[in-house]
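Q: starting from these lines, generate the structure:
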Amino acid sequence: MNIPSREELGAILKKAKRIAVVGLSDNPERTSYMVSAAMQKAGYEIIPVNPSVKEVLGVPSVASLKEIDGHVDIVNVFRRSEHLVEVAKEFDEMDADVFWAQLGLVNEEAYQFLTDKGYKVVMDRCIKVEHALTK
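A: Residues are numbered from 1 along each chain as shown. Below is the predicted model of the structure:
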């Protein structure tokens, strides 16, 4: 698995404007909430993707990636590793550039599926940490 370098991650984050967050919780104590709140505060548009909640961070939630209108720069995933293939297949059906699985999340099959199609894939990296390190 080839993870982009810190410089490449910095370039991805500088270019990005819209981040869809799969598995974004509306519980302020959850990591997905804290990370997404920090990214929203940093100026990114956050799109919550969670069928179990109505809204997060003041933004209406969508049930799946397929419900998002328009282009998404990064799909940031907070779902367990075994769900990454399913999310990768949905990602492939939308208009998005980068598939980003949060720290601790790795799935070789999802990685291979997406890189074979030419997508940029980041796994096992925290988007908030990378953003802070590449400012």
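
Q: what about the helices in the protein?
A: Assigned by DSSP state H, the helices in the chain fall at 6-15, 31-41, 84-92, 108-116, 127-133.

Q: which phi and psi does N27 have?
A: Main-chain dihedrals, N27, degrees, to the nearest 10: phi -90, psi 110.

Q: list the contacts for it?
A: Contact analysis of N27 by CB atoms under 8 Å, 6 or more residues apart in numbering lists Y33. C-beta here means a position set from N, CA and C on the backbone, and glycine is covered the same way.

Q: what does A42 give?
A: Going by CB under 8 Å, 6+ apart, A42 touches H131.

Q: and the helices of the chain: which comes nearest W100?
A: W100 lies closest to helix 127-133 among the helices of the chain, at 5.8 Å (CB to CB).

Q: tell me the buried residues in that closest one?
A: Within helix 127-133, the residues that qualify as buried are 127-128, 130-131, counting by 16 or more other CB atoms under 10 Å.

Q: what is the nearest of those residues to V35?
A: For the buried residues of helix 127-133, the nearest to V35 is K128 (4.4 Å; CB to CB).
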